[in-house]
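*Asks:* model the structure of this input:
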Amino acid sequence: MAKIDKIRNIGIAAHIDAGKTTVTERILFVTGKTHKLGEVHDGTAVMDWMDQEQDRGITITSAATNCDWNKHTITIIDTPGHVDFTAEVERSLRVLDGMVAVFCAVGGVEPQSETVWHQADRYRVPRVVFINKMDRMGSNFDQVVEQLENKLGARPIPIQLPIGSESSFVGVVDLLADKALYWDNEEELDFRQAEIPENMRTAAVEARQRLWEAVADGDDELLELFLDGEALPRERVAEVLRRMTIANQLVPVLCGSGLKNKGIQPLLEAVVDYLPSPAEVPPVVGHHPETDTPLERSAKNNEPLTALLFKVAMMEGRRLVFLRIYSGTLSAGEEVFNPRLKKKEKIARLFQMQSHKKNRIEKASAGDIVVAMGLKLSATGDTLCPASDQIILPGMEFTTPVISAAIEPHRNSDLDKLWDSLAKLADEDPTFRMKMDEDTGQVVISGMGELHLEIIHERLRQEFNLDSNLGKPQVLYQETVTKEAQVTAEFERIDEEEKERQFARLTIAVAPLERGSGNRVNWADGAGEILSEGLRETVVEGLYEVLSSGPLQGYPLIDVELKIVKVEGEPGDFTKVALKVAGANAARQALEAASPALLEPIMETEITVPEENLGDVIGELNSRGGKIIEIDSQEILSRVTADVPLQRLFGYTTALRSATKGRGSFAMKSSRYDTMN
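*Replies:* Below you'll find the predicted structure:
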């Protein structure tokens with residue numbers, strides 16, 4: 001078992017097709033974890049183990065593996081790049097200590113890489129950047145570095161320069177070592193060191209000066225040397241660069257070509273040299289579930305166990321849970337406590353994962369990422385700890401589904417099997433929902449996009465041997481209110497036999513909130529004094545239930561405040577039923593009176609097209625109700641960013657390919673919900 005300062009827990013993340021899975025495959029080969037290079041395009045990548053991933057050539061689920069490099073153990077999570085699977089990235093970044101952000105040297109900062117970057121910002125994850133595909137036509141190292149600064153607000157600092165570009169890309173200049181590294185044979189990963197080529201000496205000196213200036217900014221001793229015009233010592237530069245990277249003050253930038261086996265060893269060195277061990281990140285902060293007291297846990301084995309369940313996966317019919325251990329140790333056979341459930345569960349077995357292969361272990365320590373079997377009830381986002389030292393860590397935020405479709409089995413006798421199978425998939429994926437439509441009796445599934453639902457449909461057949469029909473995708477709308485309203489309603493029931501009276505009269509006020517605020521249920525000052533705590537909870541619970549179905553078309557309400565203004569009646573007549581029904585009736589009437597509005601999902605869409613097709617593409621977007629935000633014209637291709645209603649984007653891929661003869665591409669991500677025009 002590696003010492004904690006020799007552990008690196010990293011994610012590899014990027015926009016779809018930037019090449020992160022290929023880079024991961026090269027890392028596994030270089031470190032001796034695999035003995036044959038896997039390729040995404042022919043379905044042999046170790047990390048893309050699902051049938052759908054191999055068929056489609058994309059990553060769908062985050063896969064974990066580990067390898068050894070320079071006496072360090074590196075746990076790697078290869079995350080999806082497609083926008084439909086951002087939940088996989090979200091939960092991975094929540095538990096990782098560092099990230100390798102892979103960018104295409106041609107595409108640069110693309111929509112999904114921008115999303116991932118900001119997710120990493122939210123969790124304050126230190127990063128190094130690898131600019132991949134330097135061998136591709138149109139590759140531009142300097143342009144990508146500029147985009148990192150302008151589009152992402154990062155402070156990138158190249159520690160390498162590419163030698164050549166496109167088909168003439170042969171190696172890199174290592175600015176710290178003052179050497180050139182050449183990969184002479186594209187079939188092998190070995191490289192040789194040489195002197196920096198004469199035609200690059202000036203560029204290398206200028207780039208090294210920029211590197212020295214950046215690190216001098218974070219260290220008084222180096223600043224003094226830099227201002228005196230002296231050369232900065234390499235070891236000290238690396239040391240300060242590490243400190244500033246971990247503090248998210250700088251982002252080291254490297255480059256290479258994963259497919260052509262160039263640049264992988266220096267990338268591994270950068271992971272070890274600049275990304276933190278679990279002991280170097282701040283202690284995790286949680287709270288006690290009963291007292292709400294803030295609690296800290298450091299990455300030490302002698303502290304109480306604190307583990308976060310960040311992923312559930314069904315493999316070979318078994319429920320596996322992925323755990324990040326922040327403090328303490330965990331052993332196979334041990335009982336752990338779940339504060340959310342207020343229950344104990346038993347860890348039957350522990351494993352280290354090598355993609356989808358399980359290596360059994362008996363014990364895990366602080367800083368480890370492991371997989372456990374035996375937990376039946378604990379779910380994504382739950383904290384596991386001892387019952388005697390309880391703590392709850394902050395959970396994870398997942399995007400609300402924006403699209404739904406009806407699904408039915410080929411045989412009616414398989415309806416129960418369909419429901420059970422979908423429940424297992426929903427257990428895995430927090431952005432996938434399922435429900436029974438009460439009006440039609442159909443099973444309706446909801447997700448992040450058409451591809452997401454297609455994958456669910458395919459998994460039913462491949463993993464559960466269940467044939468089904470998937471209906472046409474429908475947009476998931478939401479509802480809100482646009483003005484304030486207040487209504488009083490009452491409930492009365494008299495039991496003649498028992499001579500008992502149930503009565504409650506409640507006044508409920510409704511008000512709109514700013515978009516993105518969520519829903520709130522509040523009490524006006526003094527309104528709940530007449531009720532016991534249990535009855536107050538009943539009223540609030542009933543009002544939140546009302547917000548799950550809006551007055552227009554039954555879609556969930558968002559950004560609405562319900563305020564309980566007054567409760568009237570005799571305390572002896574109050575019952576849970578009376579209070580709940582009176583409150584719900586008042587709330588529903590108030591919502592109808594508050595000018596409800598239908599909201600539709602708006603997608604931030606980025607379209608890359610040849611310059612000659614730009615006018616046609618803008619015209620097509622306008623006809624679909626799109627609002628152009630930015631047009632970035634480059635030498636050959638132009639990039640258009642626009643907000644477009646999701647409903648109007650169905651079939652857009654086909655229209656774009658037709659208009660650009662297959663040369664255009666587009667990506668989208670959920671931006672917000674807005675009032676329908």
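*Asks:* for Gln112, helix, strand, or coil?
*Replies:* Secondary structure, DSSP: H, G, I helix; E, B strand; the rest coil: Gln112 is helix.
*Asks:* ok, now Leu225?
*Replies:* On the three-state scheme (three-state DSSP), Leu225 is labelled helix.
*Asks:* isn't Glu490 right up against Arg505?
*Replies:* Yes - with contact defined as CB atoms under 8 Å, Glu490 reaches Arg505; the gap is 3.9 Å. C-beta: built from backbone N, CA, C; applies to glycine.
*Asks:* joint contacts of the two?
*Replies:* Common contacts of Glu490 and Arg505 (CB atoms under 8 Å, 6 or more residues apart in numbering): 568, 582.
*Asks:* can you pull the buried residues of the strand ranked longest in the chain?
*Replies:* The longest strand of the chain (DSSP state E) is strand 596-610. Within strand 596-610, the residues scored as buried using 16 or more other CB atoms under 10 Å are 596-597, 599-609.
*Asks:* with stretch 433-453 instead?
*Replies:* In stretch 433-453, counting by 16+ other CB under 10 Å, buried: 433-434, 443-453.
*Asks:* quick one: mean pLDDT over it.
*Replies:* Stretch 433-453 shows an average pLDDT of 83 in the prediction.
*Asks:* alpha carbons of the longest strand of the chain, as PDB, please.
*Replies:* Extracted in PDB, the C-alpha atoms of strand 596-610 (Å, rounded to 0.1, in the frame of the first residue of the first chain):
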ATOM      1  CA  PRO A 596     -48.600  30.800 -14.000                       C
ATOM      2  CA  ALA A 597     -46.200  30.500 -17.000                       C
ATOM      3  CA  LEU A 598     -44.700  27.600 -18.900                       C
ATOM      4  CA  LEU A 599     -40.900  27.400 -19.000                       C
ATOM      5  CA  GLU A 600     -38.900  25.600 -21.600                       C
ATOM      6  CA  PRO A 601     -35.200  24.500 -21.500                       C
ATOM      7  CA  ILE A 602     -32.800  26.800 -23.400                       C
ATOM      8  CA  MET A 603     -29.600  25.200 -24.700                       C
ATOM      9  CA  GLU A 604     -26.400  27.000 -25.200                       C
ATOM     10  CA  THR A 605     -25.400  25.700 -28.600                       C
ATOM     11  CA  GLU A 606     -22.000  26.000 -30.200                       C
ATOM     12  CA  ILE A 607     -21.800  25.300 -34.000                       C
ATOM     13  CA  THR A 608     -18.500  25.000 -35.900                       C
ATOM     14  CA  VAL A 609     -18.800  25.500 -39.600                       C
ATOM     15  CA  PRO A 610     -16.800  26.400 -42.700                       C
END
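*Asks:* helices and strands around the one helix or strand Leu222 maps to, which ones?
*Replies:* If you go by DSSP states H and E, Leu222 is part of helix 220-227. On a contact count with 3 or more CB pairs under 8 Å, 6 or more residues apart in numbering; DSSP states H and E, helix 220-227 meets helix 201-216, helix 234-246.
*Asks:* change it to 7 Å
*Replies:* helix 201-216 (3 or more CB pairs under 7 Å, 6 or more residues apart in numbering; DSSP states H and E).
*Asks:* what helices or strands is the helix it packs on leaning on?
*Replies:* Packed next to helix 201-216, using 3+ CB pairs under 7 Å, 6+ apart, are strand 156-158, strand 160-163, helix 220-227, helix 234-246.
*Asks:* give me the residues contacting the longest helix belonging to the chain.
*Replies:* Ranked by residue count under DSSP state H, the longest helix found in the chain is helix 576-593. The contact list for helix 576-593 (CB atoms under 7 Å, 6 or more residues apart in numbering) reads 481, 485-491, 502-510, 535, 538-539, 542-543, 546, 551, 562.
*Asks:* in what helix or strand does the spatially most central residue of the chain lie?
*Replies:* The residue lying closest to the centre of the chain (CA atoms, centre = their mean) is Glu90, at 2.1 Å. Using DSSP H and E, Glu90 sits within helix 86-95.
*Asks:* now swap in Val125 and tell me
*Replies:* Using DSSP H and E, Val125 falls within no helix or strand.
*Asks:* before we move on, what about Pro266?
*Replies:* helix 264-274.
*Asks:* could you export that helix as PDB, CA atoms only?
*Replies:* Extracted in PDB, the C-alpha atoms of helix 264-274 (Å, rounded to 0.1, in the frame of the first residue of the first chain):
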ATOM      1  CA  ILE A 264       2.900  10.800 -22.500                       C
ATOM      2  CA  GLN A 265       5.900  10.400 -20.200                       C
ATOM      3  CA  PRO A 266       6.300  14.100 -19.500                       C
ATOM      4  CA  LEU A 267       2.600  14.300 -18.800                       C
ATOM      5  CA  LEU A 268       3.000  11.500 -16.100                       C
ATOM      6  CA  GLU A 269       5.900  13.400 -14.600                       C
ATOM      7  CA  ALA A 270       3.800  16.600 -14.500                       C
ATOM      8  CA  VAL A 271       1.000  14.600 -12.600                       C
ATOM      9  CA  VAL A 272       3.500  13.500 -10.000                       C
ATOM     10  CA  ASP A 273       5.400  16.800  -9.800                       C
ATOM     11  CA  TYR A 274       2.500  19.300  -9.800                       C
END
